[in-house]
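Colleague: From the sequence below, what's the structure:
(one chain, ligands or ions: 2)
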Amino acid sequence: MSSDVCCFAEARRVAIFGGTHGNEMSGIMLVSMWTKNDSEIRRSRVHTKPFMCNPRAVEKCARYIDTDLNRAFTAENLSTPGGDELPYEVRRAKEINQIFGPKGSPDAYDVIFDLHNTTSNMGSTFILESSTDHFNLQIVHYIKKAMAPESCMVLLNEHPQLKYATTRSVAKHAVGLEVGPQPQGVLRSNIFESMRMIVKHALDFIELFNSGVEFPACRVEVFRVHERVDYPRDTNGNISAMVHPHLQDCDWEPLNPGDPMFQTFDGRTIVYEGAGPVYPTFINEAAYYEKHQAFVTTFRETLAVNSIRKNTK
Ligand SMILES: CC(=O)N[C@@H](CC(=O)O)C(=O)O
Ligand SMILES: [Zn+2]
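Modeller: Numbering: from 1, shown residues only. Ligands and ions are numbered 1, 2, ... in the order given. This next block holds a predicted model:
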């Protein structure tokens, strides 16, 4: 057994992002609530900033105005000069990068929690972008324990082609939080309260870490992004089948070769023909029709997480 301890600087600057997508209501309402009164998110050793990422999209209750903000934080976008002629979200990405970044620099915020809702039946899910960020893996482990017996899943997106340039990626430690099912533009109290509780535990963890607590080595189960699966489409690009009723709402359950996947409008079943079991998630997410994704498949694995503590000097 390795006894590696990873040391990190204190995580003093923490942001909570809502409204990266303007129709995902739980994060939007929490951030606007905490902007008016931050007593719930205040901790003595952490400076926590609630922030509304795409206020114009929030006002319209749309995912975005010109382009998806959660794909806009590319090196190219962040480095292009220019102003008014750029898509609104590209301008906004540059502003967010100035306030919370610059991305990849020592001046960047320590942690960003980015709050999202999904129409899929995913429950509470962390989205992580690196399997080697032991700080983030320890946050997730702490919150999973605190939430038990309620479950909290981890979607790991390290896929070279399927990874995208997220809003939270400007921070040193990027944590996405996706809670569903909740329709676009709708608030559901159970989803709102789950998200609120997870943020509370996350800030409690950072407070403990900053006060010098060492978190021992542990293991975390994650679901690693494997493939995107599109709806069957006709020659005009219109969808020609729906998610099959046996797959609908079955996020995180194994999909085996031969299992029903889609149902055509005339009642035919299309089955999964992969080589072995996969774990689908983001099943029938409303925002992904335009991205040509009916669901994403994942593989389940367990990561060994090092113990962590803060730097002593
Ligand atoms: C439904 C949705 O918006 N999901 C997010 C996931 C994430 O934050 O990585 C997105 O596609 O940007
Ligand atoms: Zn979202």
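Colleague: where are the low-confidence patches of this protein?
Modeller: Residues of the chain meeting the criterion pLDDT under 70: 1-3, 313.
Colleague: May I have the secondary structure class of the closest residue to ligand 1 within it?
Modeller: For the chain, the residue closest to ligand 1 is residue 70, as judged by CB to the nearest ligand atom, at 3.6 Å. C-beta coordinates here come from the backbone N, C-alpha and C atoms, glycine included. Residue 70 falls in the helix class when you classify it by DSSP: H, G, I helix; E, B strand; the rest coil.
Colleague: ok, it touching residue 164?
Modeller: Yes - in this structure, residue 70 is within contact of residue 164 by CB atoms under 8 Å, at 7.0 Å.
Colleague: Please identify which of these two sits among more neighbours.
Modeller: residue 70 (25 against 16; other CB atoms under 10 Å).
Colleague: Now do the contacts for that one.
Modeller: Contacts for residue 70 were tallied using CB atoms under 8 Å, 6 or more residues apart in numbering; they are 20, 21, 114, 164, 166, 167.
Colleague: Helix or strand for the residue nearest to residue 242 when sequence neighbours are not counted, just tell me which one.
Modeller: Closest residue to residue 242 apart from its sequence neighbours, by CB to CB, 6 or more residues apart in numbering: residue 263 at 5.4 Å. In this structure, residue 263 sits in strand 260-264 according to DSSP states H and E.
Colleague: packing partners for that strand?
Modeller: Under the contact definition 3 or more CB pairs under 8 Å, 6 or more residues apart in numbering; DSSP states H and E, strand 260-264 sits against strand 241-243, strand 269-271.
Colleague: Provide the strand pairings for the first one, with the direction of each partner.
Modeller: Think strand 241-243. Its sheet considered, strand 241-243 pairs with strand 260-264 (antiparallel) by DSSP bridges.
Colleague: What residues sit buried inside the partner strand?
Modeller: 261, 262, 263 (16 or more other CB atoms under 10 Å).
Colleague: again with stretch 54-69
Modeller: 54, 57, 58, 63, 64, 65, 68, 69.
Colleague: Okay, and which of those residues map to helices?
Modeller: Among those, DSSP state H puts 57, 58 in helices.
Colleague: residues contacting residue 194?
Modeller: Going by CB under 8 Å, 6+ apart, residue 194 touches 124, 150, 179.
Colleague: at 6 Å instead, please
Modeller: Counting by CB atoms under 6 Å, 6 or more residues apart in numbering, residue 194 touches 124, 179.
Colleague: Using the three-state scheme, assign it.
Modeller: Going by three-state DSSP: residue 194 is helix.
Colleague: Out of the contacts of residue 70, which are close to ligand 1?
Modeller: Residues of the contacts of residue 70 in contact with ligand 1 (CB under 6 Å from any ligand atom): 21, 166.
Colleague: Just the ones of the contacts of residue 70 in strands?
Modeller: If you go by DSSP state E, the contacts of residue 70 have residue 114 in strands.
Colleague: Which ones among the contacts of residue 70 map onto helices?
Modeller: Going by DSSP H, the helices hold none of these.
Colleague: quick one: which of the contacts of residue 70 is nearest to residue 43?
Modeller: Nearest to residue 43 among those: residue 114, at 19.0 Å, using CB to CB.
Colleague: That closest one against residue 168, yeah?
Modeller: Yes - here residue 114 lies in contact with residue 168, judged by CB atoms under 6 Å, at a distance of 4.0 Å.
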